[in-house]
Each structure stands twice: as C-alpha cells, then as structure tokens.
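Colleague: predicted coordinates and the sequence they were generated for:
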Amino acid sequence: MGNIVWLAVALLGASAVGGIALNRGESINAIWFITAAVCVYAIAYRFYAAWIAAKVLTLDETRATPAERFDNGRDFVPTNKWIVFGHHFAAIAGPGPLVGPTLAAQFGYLPGTLWILVGAVIGGCVQDMVTLFFSMRRDGRSLGQMARDELGPVGGFAALIGTFAIMIILIAVLGLVVVNAMKHSPWATSTVAATIPIAMIVGLYMRNIRPGRVLEGSLLGVILLLLAVVGGGWVDHNATLRALFDHEGLPLAWGVIAYGFAAAILPVWLLLAPRDYLSTFMKLGTVILLAIAIAILQPEIKMPALTQFIDGTGPIFGGTLFPFVFITIACGAISGFHALIASGTTPKLLANERDIRMIGYGGMALESFVAIMALIAATVLEPGVYFAINSPAGIVGKEAAAAVATISAWGFPVTVEQMASLAKQMGETTLFARTGGAPSLAVGMASIFGNAFGNGMLALWYHFAIMFEAVFILTTLDAGTRVGRFMLQDMLGNFWPKLGQTSWMPSVILTSGIVVGAWGYFLYIGVIDPNGGVNLLWPLFGIANQMLAAIALTLCVVVLYRMKRERYAFVAIAPTAWLYICTLTAAFEKIFHDDPRIGFLAHARKFAAAADRDQLLAPAKTLAEMQRVIFNDYVDATLCGIYVTLVLAMLGFAIRAIRAARAAQHVTTRETEDELHDLQPAGA
C-alpha cells in the first residue's frame, strides 16, 4: 500500500513539473507550483535523504553526540529535535529565498522554478545534511576548523579567509535589502524598528520574569509584532510621527550598521535568542498562511515562462540566463551560509544522529519551499507592475511617465495611474524603483492575502509582509555578524591568544567593530549607488554565497574519501562540480565581460572615459559621483578576483588531500593483502 501511495505522489509531482515546464501560450495556475514542490520534496526526503542517511553516512542513533558528551549547559546542550529544527530554520532562512527568486523572475517563471526544485534536493539539502553530519562526528567543529583538520594549516587558513571575506558581502546585502524596503516608508521603518525592543522585551521576559517559559514569551512576541504592524499604520497617518520615520537610504543604513554592532556585543539571550524564537513563529506561520491563501485563491501566473531578458539585457540586473539565474536564486536552491550554521550551533544541540536527516535535509527543503512561495508572489503580479517596482530609475527613467513608457515598450504594459492606485492601496506614496526585491515581494504577498482574506486591508497586509521579510533578514544579519566576529577572533587568536577569547570585552568590541565596519562599507556603497545597489551587489552576493557552498561541498568530498566512502562521493561531487562551473563563469563575466552592464571593469572604463570628457552618465549627477562609481567598480572587481583565487586554492588543496587519502588507502590495502598472504599455509 505504501509503495502505491508513493508512486501516486511521484506521478502527481511529475505531472505538475511537466505542466509547468511544457506550458506555453496559456496562463498556468499557481497551485501547480505548490503541488510540484510538495511532491518533489516529499519524494526526495523519503528516498534520497533516507538513502544518504543509511548508506552514505550510516547514521548511528546509538552513538553519543557532541551535545551529550560535552554537555556544559552553555554551548553543548542536548535539545529536543523540534526546538533544534526551529533554531536551525530560523538561522538559515534569511533573505535569499525571498529576494533571489523575486529578482530572478525577470527571466520568467520557468528557469527559477526548475532550479529551486532540482538544486535544493540534489545540492542544498545534501550540503546541509552532510556538513551537519561531519561536524557532529568531529565534536561539533566549525567549517574553518574542519578545513584546517582535513586540508592542513595553509589550506585551512585559506578556507577561513575565504569564508570570512564572503560573509562580509553576504551581510552587506542583507542590510541593503532592509534599507531599500524601509526607504521613505514610515510605516515599514517604524514597524521594523519596533522589532528590536520587542525582541529584547521577550528576552528579558524569558530570562528574568518567566524563566524557561518559551511558549509564553513567543506568544507575547508575536502579539507585539502584530501590534507593531498595526501601530505602523497609525504612525504613517500622524504627521508628526511620520516625519520621524521618513528617511532617505543613508540614515537608515547607519541605523542598520549601529544595530549590527549592538547585536554582536550584547548578550545572546537579550536579542539574538528571542529574535530566533520570534522569527521561527513568524516565518513558518506566514509561509503556511501564504500556501493556504494560494490554495484558496488559486491565482494565475502573469509572468511568461521565459522573457526576452534571458539574453542578458534585463533591467534589474545584467547577465544571461546561464550562469546568472543560478547565482541570483542563490539560497533558494543552495546556500553556503547554511554550512556555517550546520557546523556552528546546530551540531552542538542535536541529541541523536537520526535527527540529522530531518534537521539538515528537511530544514533546507522547507527553505526551498519558501523560495517557491516567493516566486509565486512575484509572478502573480502583472509583469509591467513587477518591472516598474524592481527596475532602477537609472535604467527606466526617474519620472513616472518615462518609466511606464520604457516598460510598456518592452511588451509589459503599465500605466502611471495603475501604479499610483496600487501605491495608495499599499499605503505608500510611490512604488516606482523600489529595488531590492523586498517591496515587490510584499506587494505580491499582500495581493494574495488581500484577495483570499479581504481586500480592505491591503495596506496592512503589505506592511505585515515587509515586517515578515525584515524579521527574516535581521535574524540572519545579526547572527552573521556574531559568527563573523567569532571567525575573526579565531584568526587573530593565532597571533595574540587574548584576542581569541570570546569573553574578553576589548576583543569583542574590536572584532565586532572590524566586522561591522567591513560590511558597513559595502552597505554604504550600495545605498549611495545611483542604480539602487542591487545591480551592483546582488550578483556579487550570489557568487560569494555559491562559492562558500562550493568550499563546504569540496570539504565534504574530501571527508568522504578520508572515511573510505569514495564510491558514494558523487552525492557531493555532482553539485560541487556544477557550483564551480557556475560561480567561476559568473565571476569571470562580472570581472572581464565587455558589456558595461555586466562587467565591473567595462563599466569602470565607460565611466572613466566619460569623466575624462567631463561628461555625466546617468544616473550620476556630478563628476564626484562618476568617480565614486569607478572606484566601486574596481573594488568589486578586486573582491571578485580574490574570491576566485581563494576558491581555486581551496580546490587545489582538496585535490591534494583526496590524492593523499587514496594513496593511504592503497597502501593499507596492499598491507592487508600481504598479511593475508603471510597467513596462507605453505604451498597454498
């Protein structure tokens, strides 16, 4: 009976994926996307993940875990698997599965959908699960520590430097998405600002007022968050309060930078831990509610399967379908950031190895489902509306009339009146050029919620969605900053052991300041970028994140060889090879491509030539801005080159380690054969 059920699930999933892939010329219902996703994840979890657990990793539920062996009540704590799942999902689920699929929709709905489904089950879920297993088998070691153990001090140091440099860009883009969502939106800004004291109130409640009452604290936090959304509307309609929260991007960026520094040095129980609890409830609850709304409403997908922008002329970001759809989707299919969590706090909490499959593979599958929800929310919008929100003013024009004329000429009709009416419904003054993906995703979510549960509250739904996205992002931003501080302290501790002490406040303040200053700089150049920063930073974000995944999976391949599981190494080799192909291709294109909209150096040369003629190129308004753009291009090109160098160095060290492991295995085999030969009777 069970086989028949799974056969039916497989046939249903195949039909849904086939319908999505082959549909042309007619609109397709969003319910097919949910059906395809649920079936694909269910089949992959039931069979592929189970096979990896049993054959590749040979999970042993009787084996004592690091949480049990090193239980100290602080870092290593045996914890209920559902609580660990909530913590893990809250830590890994950042803006990637929300923003990446939204931006990639400029290619159409088909490429993103297929990669989210396929990439997750054979790449992202495998990386998370295998990394978690290896960390647990190595006493909960971090990715950098495992790299040192497996690749030697030089290879390990290269991996640590690469991981740290990549994290800087990841965190900067998280901040940029939040800033673009709050810019000139008092409702959104006040709501997001309220989440910080709310998290601290919940932290104090669970530590001092009602210790251990996690459910009570979480319910209190959720209620306060919902009140913050409603209160944001009151702020927006109060002239005095509105002025306090209506800001340009730069002041908001300074606020995000200050928040990141505070979050890195404050006690973890005061801000980080309660935000994890709150974000878990909000993330899972909102995703489930969105899926229910889509099932009730069954909206039609308005975006075509493929757009003309697959040739690299897209307004949101430059670059052809390959490799940039894979780079842009990023965390929705596979995320290197997850490897830091899977080798960070999570392996120190699990009380049984059998839960690795649920936490590692299942947690990533759920995040991939979030990406499908985001893609649906983006593609149910009229394409003209989608491009009006996401296209930078420097591409389509600063005036509303110019923007709609440009977008309509692409074959996606939209009017000024349509955009004005939509902005009014959402409680905003304008939705033009609200780049970053978050605003358009919020509009799509609000439209779905409104049509399913009541159109009279569109503004409330929109700002609830903004708050939902901000909770996703800030959780990862503050956790990432703290992880970055730990990594920097680990590196500096090699030169002065005192700096490696995470409890020594001078070291905490110094390293936090360095980390925040580094990602704060890239946030700054993204905010002042005339094109909104996303075109500048998101491709670099995607490349960096996928390179980090390549580093993690490369390490997994090495460990499989060292464990004499080379016949199963293909589970990690296949996604690793694809990541190297995609990321190196994208990196070389971003550095050397002749198209100024794609290549950093080509863009710098174009602006430099114009500056020499005292000519201003849109959207720069002054020669100083021209020089700033040129400088930023060279910085990005240099950083991209550093990433390529580090990831290739990592590959070289990994190949050497694999060859050494195979040689050692060959020697062991020969010695065993010689011993067996010596035991044979004379004359045998």
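Modeller: Looks like it came in fine. Numbering: from 1, shown residues only.

Colleague: wait, what's in contact with residue 665?
Modeller: Residues near residue 665 by CB atoms under 8 Å, 6 or more residues apart in numbering: residue 564. C-beta coordinates here come from the backbone N, C-alpha and C atoms, glycine included.

Colleague: which residues does the residue positioned nearest the centre of the chain contact?
Modeller: The chain has residue 96 as the residue nearest its centroid, 3.0 Å off, counting by CA atoms, centre = their mean. Listed by CB under 8 Å, 6+ apart, the contact set of residue 96 reads 330, 331, 332, 335, 337, 371, 545.

Colleague: also residue 343?
Modeller: 131, 132, 134, 135, 140, 141, 142, 143, 146.

Colleague: swap in 6 Å and give it another go.
Modeller: By CB atoms under 6 Å, 6 or more residues apart in numbering, residue 343 lies in contact with 131, 135, 142, 143.

Colleague: what does residue 115 give?
Modeller: Listed by CB under 6 Å, 6+ apart, the contact set of residue 115 reads 329, 333.

Colleague: residue 380 too?
Modeller: By CB under 6 Å, 6+ apart, the residues touching residue 380 are 299, 302, 444.

Colleague: make it 7 Å
Modeller: Residues counted as contacts of residue 380 (CB atoms under 7 Å, 6 or more residues apart in numbering) are 30, 299, 301, 302, 444, 447, 448.

Colleague: now it: closest residue in space that isn't a chain neighbour?
Modeller: Distances taken as CB to CB, 6 or more residues apart in numbering place residue 299 nearest to residue 380, at 4.6 Å, with adjacent residues excluded.

Colleague: with residue 589 instead?
Modeller: Nearest residue to residue 589 in three dimensions, chain neighbours excluded: residue 598, at 5.9 Å (CB to CB, 6+ apart).

Colleague: could you count how many residues lie near the one you found?
Modeller: 22 (other CB atoms under 10 Å).

Colleague: do residue 157 as well
Modeller: 16.

Colleague: got it, and residue 491?
Modeller: Using other CB under 10 Å, residue 491 has 17 other residues around it.

Colleague: what does residue 54 give?
Modeller: 11.

Colleague: picking up where we left off before, just checking, which of the contacts of residue 96 comes out lowest on pLDDT?
Modeller: Lowest pLDDT within the contacts of residue 96 is found at residue 330 (83).

Colleague: doesn't that one lie inside a helix?
Modeller: Yes. Under DSSP: H, G, I helix; E, B strand; the rest coil, residue 330 sits within a helix.

Colleague: I'd say the residue nearest to residue 380 and residue 448 touch.
Modeller: Yes. Taking CB atoms under 7 Å as the definition, residue 299 is a contact partner of residue 448 at 6.4 Å.

Colleague: and the two? which has more neighbours close in?
Modeller: Per other CB under 10 Å, whichever of residue 299 and residue 448 has more neighbours is residue 448, with 25 against 22.

Colleague: so the more buried one is in which element?
Modeller: Using DSSP states H and E, residue 448 sits in helix 438-453.

Colleague: most neighbours among the contacts of residue 380, please name it.
Modeller: residue 444 (28 neighbours).

Colleague: now it. Nearest residue, chain neighbours left out?
Modeller: That would be residue 377: by CB to CB, 6+ apart, it lies 3.3 Å from residue 444.

Colleague: I'd assumed the one you found was in a helix, is it?
Modeller: Yes. Assessed by three-state DSSP, residue 377 belongs to a helix.

Colleague: return the distance of it relative to residue 446.
Modeller: To residue 446, residue 377 is 9 Å away according to CB to CB, to the nearest Å.

Colleague: so between these two, which is more surrounded?
Modeller: Shown here are residue 377 and residue 446; by other CB under 10 Å, residue 377 has more neighbours (29 against 26).

Colleague: do you know how far the more buried one is from residue 464?
Modeller: In this view, residue 377 and residue 464 are 13 Å apart by CB to CB.

Colleague: swap in residue 165?
Modeller: Per CB to CB, residue 165 is found 36 Å from residue 464.

Colleague: who has more neighbours out of the two?
Modeller: residue 464 (24 against 17).

Colleague: residues contacting the closest residue to that one other than its chain neighbours?
Modeller: With sequence-adjacent residues excluded and distances taken as CB to CB, 6+ apart, residue 464 is closest to residue 229, at 4.9 Å. Residue 229 makes contact with 191, 460, 463, 464, 467 under the criterion CB under 7 Å, 6+ apart.

Colleague: hmm, back to that, hmm, which two among the contacts of residue 343 are most spread apart?
Modeller: 131 and 142 (10.4 Å; CB to CB).

Colleague: neighbour-wise, which of these two wins?
Modeller: Under the criterion of other CB under 10 Å, the comparison of residue 131 against residue 142 puts residue 131 first, with 29 against 22.

Colleague: phi, psi for residue 593 please.
Modeller: phi -60, psi 140 (degrees, to the nearest 10).

Colleague: same check, this time on the one 3 residues further on
Modeller: Dihedral angles of residue 596 (phi, psi; degrees, to the nearest 10) stand at phi -60, psi -20.

Colleague: pretty sure it is touching residue 603, no?
Modeller: Yes. In this structure residue 596 lies within contact range of residue 603 using CB under 7 Å: 4.2 Å.

Colleague: neighbour count winner among the two?
Modeller: Just comparing residue 596 and residue 603: by other CB under 10 Å the higher neighbour count belongs to residue 603, 26 against 17.

Colleague: and the more buried one, what does it touch?
Modeller: Contacts of residue 603 by CB under 7 Å, 6+ apart are 596, 633.

Colleague: do that again at 8 Å, thanks
Modeller: Contacts of residue 603 (CB under 8 Å, 6+ apart): 596, 597, 629, 633.
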